[in-house]
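[1] got a sequence here, can you model it:
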Amino acid sequence: MSRRQDYLYVERFMADALEKLEVVRKDGSERFRTGGSDLGFNLLDYWRWSTSDLVGNTARGILAEYIIANALGIPTDEEVRDAWAPFDLETLDGVKIEVKSAAYVQSWEQKRVSRISFGTPRTRAWDPESGSLRSEPKRHADVYVFALFAQREAPLDPLDLDQWKFYALSARKLDDRKSISLSALEELASPVPWCELADVVKKAAGRD
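    Take a look at the predicted model:
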């Protein structure tokens, strides 16, 4: 492709660029269909099939965000999670939260429980206006909340919040760390139950 053709392609692409989609909250009753005909299964069936494993890394991380949002009084009954936001949650008084989760026990067969470590790198934010990543990696949250699913033996139930431990830490205290072990984290913050999380987040954010 010549430079002129390349320029025309980019110009055309920019001219045809699509605006950010408005995500409409679903209730699970939405039906799959083809040619206008109902196929006999719905969105709730898909959710049951795709995310019933709440211990697995992917679903557990999103579940941790939901649990923490409810602890902090962040509305979840009308809002929709934004997977492309530069941080995970924002409290009603403007504290930006990054959520990290880990667990001793995974969904797959294990010879021993997992060693707990959380990834904490600086990241490049997605800019929805330009449709690209911003150039400078940074910390976009004020507070990091570390959610540890701490249960090591059956019965494992991620919906039982007594099986979790939570830690809140000011983003400033992470410095340039790309990861933090549980022992290092516990030198900086003490674990609290779900019912006390809102208070320690406020303290970590300097809002107490």
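[2] list the contacts for the closest residue in space to N57 that isn't next to it in sequence?
    The shortest distance from N57 to any non-neighbouring residue, by C-beta to C-beta, 6 or more residues apart in numbering, is to Q106 (7.2 Å). Quick note: C-beta positions are derived from backbone N, CA and C, even for glycine. For Q106, the contacting residues are 55-57, 114, by C-beta atoms under 8 Å, 6 or more residues apart in numbering.
[3] neighbours around I74, how many?
    The local packing of I74 (other C-beta atoms under 10 Å) involves 17 other residues.
[4] check contacts around it.
    89-92.
[5] by neighbour count, which of the residues you listed wins?
    Within the contacts of I74, neighbour counts (other C-beta under 10 Å) peak at L89, which reaches 24 neighbours.
[6] returning to that earlier point: from the contacts of Q106, which two are the most distant?
    Maximum pairwise distance among those (C-beta to C-beta): 12.5 Å, between G56 and S114.
[7] which of the two has more neighbours?
    G56 (16 against 12).
[8] leaving out sequence neighbours, find the closest residue to the more buried one.
    S107 (4.4 Å).
[9] same question for L44.
    Excluding the flanking residues, the one nearest L44 by C-beta to C-beta, 6+ apart is G28, at 3.3 Å.
[10] in the chain, which spans are helices?
    Assigned by DSSP state H, the helices in the chain fall at 3-15, 43-51, 57-71, 182-188, 197-204.
[11] among the ones you listed, show the one with the smallest mean pLDDT.
    Ranked on mean pLDDT, the bottom entry among those is helix 3-15, at a mean of 52.
[12] returning to what we had before: F32: which of the contacts of Q106 is nearest?
    Closest to F32, out of all of these and judged by C-beta to C-beta, is G56, at 24.1 Å.
[13] surely the closest one meets A103?
    No: taking contacts as C-beta atoms under 8 Å, G56 lies outside contact range of A103: 9.2 Å.
[14] re earlier: which ones are touching the residue nearest to G56?
    Counting by C-beta under 8 Å, 6+ apart, S107 has contacts 53, 55-56.
[15] pull the number of nearby residues for the residue lying closest to F166 once chain neighbours are set aside.
    Once flanking residues are discounted, F166 sits nearest to L197: 4.8 Å by C-beta to C-beta, 6+ apart. Close neighbours of L197, defined as other C-beta under 10 Å, add up to 22.
[16] and if you look at E78?
    6.
[17] cool, E30 as well?
    E30 has 12 nearby residues by other C-beta under 10 Å.
[18] ok, it to E187 distance?
    E30 sits at a distance of 48 Å from E187 (criterion: C-beta to C-beta, to the nearest Å).
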